[in-house]
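Asker: I'll drop the sequence and a predicted model, then ask my questions.
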Amino acid sequence: MEIPIELEETLKKLSKVNVDFIEFVKKNPESLKSISFSTLKSSSDSYKLQAWPTFINPQTKALFLEMGVKVCDLIKSIPARLFDNDPKLIAAYFEQPAAVVNLQMEGITGDHLANMVGRADFTFSTSGLKCLEYNISADISGWQLPEWESLYLSTPIIDRFLKEYHVEINNENYLGLFLDHIIRYASPLAAPGSNAGNPELNVAIVTRDYIENHQNKNTLLQDLRLLYKEKLSRKALTGNVFMCDFQHLEYIDNRVYFKGNSIHGLIELFHGFVTPGVMKVYTSGNLRLLNGPMTAVLSNKLNLALLSENEESNVFSKEEKETIKKYIPWTRKIIPGETVYRGEKIRMENFLIANKDKLVIKPPLGLGGQRVGIGQGMFRREWENLVKTALRKKNFLVQELVEAPRVLYQLGENDCAYHDTVWGVWILGSQYGASIVRALPGGNARKVVNGAQGAESSVVFEVDE
């Protein structure tokens, strides 16, 4: 199993430990066997875990943070910079009812925007990092990461590699980082404690999966509570984490309560949906909210089109223009008529048909790679039908296909193969949270690298070199 020079260079950019791992596999054929990683199959999560982990060095982590924060900040600035926060203008561009957008824009402040959380999906291409989409939402998977990391580290063959090559893992607990973030954001609202005790700071995670009287059996909640109390004690605070749904919240004297406990920070896992009662308390200043109604505006994939098509606009600074050129592939909203590609005027209708194999068409919203069409993976008639649909709806986007080197991962019962990869990096305000790699065997006809399409998740370990 020889490593091509191009692949070796890619792996070294991430961390030379990836090359060490491939060398370890060569010396240890059991590393190719699926049964050697049976502990990874014990996860009850619906995601499929890839047998082999991925490693990044501090320089790569810093690059991920830079890309994640800079692109996120640009997206968060779009409503103000390009639309003057006018719901009618925003609604017209995104093809949404103005009344809906008006609700989504309610109560937005600079502090709220600065503390939003999300995940950038990007590829590690031959020309650097390229952001494919950005989900600025609290309702993005990531809660499972500490469990996944433990599963990898408890796998004997991975443990043997780490010991033989003297590799130390530097990952911080993602749940702990998330709690640190909500504590920073909500701590100004901490209430005076009873009997002159430490101030109280309570957080509610509002989820559609809540089952009443089932909280004591929720291992995630138990882990969160232990971590939360530990984090609070370091700041001379007290409080608790609760899980519920909106129906179990109460509103008294313009404050939010859950079972008699005043709530100071609320994390909605409804992809932006919150009740009018929550919004009233939030806009009054008595609640900190992650992320809230603006999720729908900021997670719209058309935001990348807005950045790409305005990369020369004076609304962006010189540094911001460089950020757009560096991290955003050519992206446009699909509407009939003229646009610009690589400095030349083109007609959108003709360009889409003529350049099938180097383009990707996406809907403005949606998760799991649904309705995403990669030209290389589609028949001509199928692509033409997608183009017709996109031109008719006028809210789809087209993106230049980003070519990236394939990476070796374990495959099947006793083999390995080259995989297409898409990375995800979680950003908590302006802080790095964690990373993950989704890997899909290179022979997949559709080429959409997503868990819903059969891709596996490889945990990313941070290491020194």
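Answerer: Cool, the structure landed.
Asker: use CA for all of it now, contacts and neighbours both
Answerer: Noted.
Asker: gap between the nearest residue to Arg208 once chain neighbours are set aside and Lys280?
Answerer: Leaving aside its sequence neighbours, Arg208 sits nearest to Asp245 (Cα to Cα, 6 or more residues apart in numbering; 6.1 Å). With distances taken as Cα to Cα, to the nearest Å, Asp245 is found 17 Å from Lys280.
Asker: and if you look at Pro405?
Answerer: Separation of Pro405 from Lys280 (Cα to Cα): 49 Å.
Asker: List the contacts of the helix or strand hosting Lys229.
Answerer: Element membership for Lys229 (DSSP states H and E) is helix 219-234. Identification of contacts with helix 219-234 by Cα atoms under 8 Å, 6 or more residues apart in numbering yields 175-176, 179-180, 183, 215-216, 238-243.
Asker: same thing but at 7 Å, please
Answerer: For helix 219-234, the external contacting residues (Cα atoms under 7 Å, 6 or more residues apart in numbering) are 175-176, 179, 238-241.
Asker: What's the mean pLDDT across the strand or helix carrying Ala439?
Answerer: According to DSSP H and E, Ala439 maps onto strand 431-441. On average, the pLDDT along strand 431-441 is 95.
Asker: Could you do stretch 354-363 as well?
Answerer: Stretch 354-363 comes out at a mean pLDDT of 95.
Asker: Just the C-alphas of that stretch, formatted as CSV.
Answerer: Extracted in CSV, the C-alpha atoms of stretch 354-363 (Å, rounded to 0.1, in the frame of the first residue of the first chain):
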residue,chain,number,x,y,z
ALA,A,354,-22.9,23.5,-20.8
ASN,A,355,-20.8,23.1,-17.6
LYS,A,356,-22.6,20.2,-15.9
ASP,A,357,-19.5,18.4,-14.7
LYS,A,358,-17.9,21.3,-12.9
LEU,A,359,-21.0,22.6,-11.1
VAL,A,360,-23.2,21.8,-8.0
ILE,A,361,-26.8,22.9,-7.6
LYS,A,362,-28.3,23.2,-4.1
PRO,A,363,-31.6,24.3,-2.6
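Asker: got the contact list for that stretch?
Answerer: Contacts to stretch 354-363, defined as Cα under 7 Å, 6+ apart, come from residues 371-376, 396-401.
Asker: And stretch 321-338, by the same measure?
Answerer: 129-131, 302, 304-305, 307-309, 311-312, 345-349, 390-391, 394-400.
Asker: Give me the ChimeraX select line for those, limited to the buried ones.
Answerer: Only the buried entries of the contacts of stretch 321-338 go into this ChimeraX selection, using 16 or more other Cα atoms under 10 Å:
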select :129,130,131,302,304,305,307,308,309,311,312,348,349,390,391,394,395,396,397,398,399,400
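Asker: Please narrow the contacts of stretch 321-338 to those residing in helices.
Answerer: Among these, the members falling in helices (DSSP state H) are 302, 304-305, 307-309, 348-349, 390-391.
Asker: Quick check: mean pLDDT of the longest strand along the chain?
Answerer: Looking across the chain with DSSP state E, the single longest strand is strand 415-428. The pLDDT scores in strand 415-428 average 94.
Asker: What pairs with that strand, parallel or antiparallel?
Answerer: According to DSSP bridges, strand 415-428 forms sheet pairs with strand 117-125 (antiparallel), strand 407-411 (antiparallel), strand 431-441 (antiparallel).
Asker: Save those as CSV, and put in distance to Trp148 too.
Answerer: Formatted as CSV, those follow (distance: least, Cα to Cα, whole Å):
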stretch, distance to Trp148
strand 117-125, 18
strand 407-411, 17
strand 431-441, 11
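Asker: What separation do you get for Arg81 and Asp111?
Answerer: On the measure of Cα to Cα, Arg81 and Asp111 end up 17 Å apart.
Asker: mind showing which ranges of the chain have poor pLDDT?
Answerer: Scanning the chain for pLDDT under 70 picks out the ranges 1-2, 42-46, 194-196, 212-217, 367-370, 445, 452.
Asker: Quickly list the domain ranges of it.
Answerer: Per the record, the chain has its domains at 5-62+139-167+420-462, 174-298, by automatic domain parsing.
Asker: Out of those domains, which gets nearest to Met105?
Answerer: domain 174-298 (5.7 Å; Cα to Cα).
Asker: Can you measure across that closest one, start residue to end residue?
Answerer: Counting by Cα to Cα, you get 23 Å between the two ends of domain 174-298.
Asker: let's have the chain start at 21 instead
Answerer: Done: numbering now begins at 21, and the last item shifts to domain 194-318.
Asker: what's near enough to touch the closest residue to Gly462 other than its chain neighbours?
Answerer: In space, Gly462 comes closest to His439 once its chain neighbours are excluded; the distance is 4.7 Å by Cα to Cα, 6+ apart. Neighbour list for His439: 426-429, 459-462 [criterion: Cα under 7 Å, 6+ apart].
Asker: Looking at neighbours, which among those is most surrounded?
Answerer: Leu460 (28 neighbours; other Cα atoms under 10 Å).
Asker: isn't that one right up against Gly471?
Answerer: No - here Leu460 lies out of contact with Gly471, judged by Cα atoms under 7 Å, at a distance of 8.7 Å.
Asker: Many thanks, we can stop here.
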